[in-house]
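Enquirer: what would the 3D arrangement of this be:
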Amino acid sequence: MTPSGPRRDTRGIVDAAELLTRVRFRRHDPAPELRPYLEHYWFIDWDLSEPYASHVVPHPSVNIVFQRYRNPDGHSDGHSDGTEETTFAEVSGIGLELFTKKLTGVGRVCGVQFRPGGFRPFAPERPVSDWTGRRVPLDEVFADADAASVAAVLGPETDHARVAALDAFLLARGPAPDPQATQAMDLVAAVRTDRSIRRVSELADAAGLSSRSLQRLFATYVGVGPKWVILRYRIHEALERAEATGTEGSPDWAGLAAELGYSDQAHLVRDFTATVGVPPTAYARQVSEP
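Expert: Take a look at the predicted model:
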């Protein structure tokens, strides 16, 4: 079932409250025909007097990202030949590590976040795992994409016009109906919403598939294995709980570890620290400081 409206949470964004004081961040719905395959469009604009580093614990989603940057010194940030403005677009496969982006000067980003499993109907020639951990030029995936395609998305000043340009870009390229894509999307949605699914074998049983068939489905349509998806959504929830510390008191980390299916609190702390870079208690203190 396709949810109504874009997500309202900031799950996956490290210290979301601080980021939102630095940039204008919005989400928008795509055209109705695209909603079964897309989470939402996401737009960010900024005008910064000093650099700011944003951090995201990636979702198991492919993104298409249209980007325009202008640095205070009037030079590009390395994506072109030194002209005043840098404009480009890329397909961003699922990021396996913490994603960090340094924002400087004036910038605009218009992104398309696909539902996990929803990208392949637009690019069926290759398994989604081919893009995992990679950021590649848009025309490497969509050969007919050109500078005019990028300008059509980034040029308009209104969100409404940018949404219309993204709709037109995607509707011209699919999606190709694919029952396996629908199955993959439904399975990932179940992992995200059903905390009782803690093991790959449980998800395989729910899908009526062998564990090996489930692994193949996820590699082809999602881009990562089902175990990775289960662990990533656990970390997203732990991150969200840690950020709530400032207003709701210190989380019961041992109880949360058990709730998320970890064998003990130490296991949760190890996963959180490996993903975010600091232990959950230190992160909670950091984001609660004024």
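Enquirer: how near is the residue nearest to the spatial centre of the chain to residue 150?
Expert: Nearest to the mean C-alpha position of the chain, by CA atoms, centre = their mean, lies residue 59 at 4.2 Å. Going from residue 59 to residue 150 by CB to CB, to the nearest Å gives 24 Å. All C-beta atoms are positioned from the backbone trio N, CA, C, and that covers glycine.
Enquirer: rewinding a little: hang on, isn't the residue nearest to the centre of the chain packed against residue 117?
Expert: No: assessed by CB atoms under 8 Å, residue 59 is found out of contact with residue 117, at 11.9 Å.
Enquirer: max-length helix in the protein?
Expert: Taking DSSP state H as the criterion, the chain has its longest helix at helix 226-243.
Enquirer: average pLDDT across it?
Expert: The predicted model gives helix 226-243 an average pLDDT of 89.
Enquirer: again with stretch 18-32
Expert: Per-residue pLDDT values over stretch 18-32 give a mean of 95.
Enquirer: all the helices of this structure, residue numbers only.
Expert: All helices of the chain, identified by DSSP H, fall at 16-22, 138-141, 147-154, 159-171, 179-193, 200-207, 211-221, 226-243, 245-248, 253-259, 265-276, 280-288.
Enquirer: quick one: pLDDT of residue 76?
Expert: 44.
Enquirer: residue 129 versus residue 232, what's the distance?
Expert: Separation of residue 232 from residue 129 (CB to CB) stands at 15 Å.
Enquirer: show me which of those two is the more surrounded one.
Expert: Per other CB atoms under 10 Å, whichever of residue 232 and residue 129 has more neighbours is residue 232, with 23 against 17.
Enquirer: what residues are up against the residue nearest to the more buried one when sequence neighbours are not counted?
Expert: Nearest non-adjacent residue to residue 232, counting by CB to CB, 6 or more residues apart in numbering: residue 60, 5.9 Å away. By CB atoms under 8 Å, 6 or more residues apart in numbering, residue 60 lies in contact with 94, 116, 188, 222, 223, 224, 228, 229, 232.
Enquirer: pretty sure the fourth one is touching residue 188, no?
Expert: Yes: taking CB under 8 Å as the contact criterion, residue 222 and residue 188 are neighbours in contact, 6.2 Å apart.
Enquirer: mind listing the shared neighbours of these two?
Expert: Common contacts of residue 222 and residue 188 (CB under 8 Å, 6+ apart): 60, 116, 117, 229.
Enquirer: could you dump those residues to a markdown table with distance to residue 145?
Expert: Below are those laid out as a markdown table (distance: CB to CB, whole Å):
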| residue | distance to residue 145 |
| --- | --- |
| 60 | 24 |
| 116 | 23 |
| 117 | 22 |
| 229 | 28 |
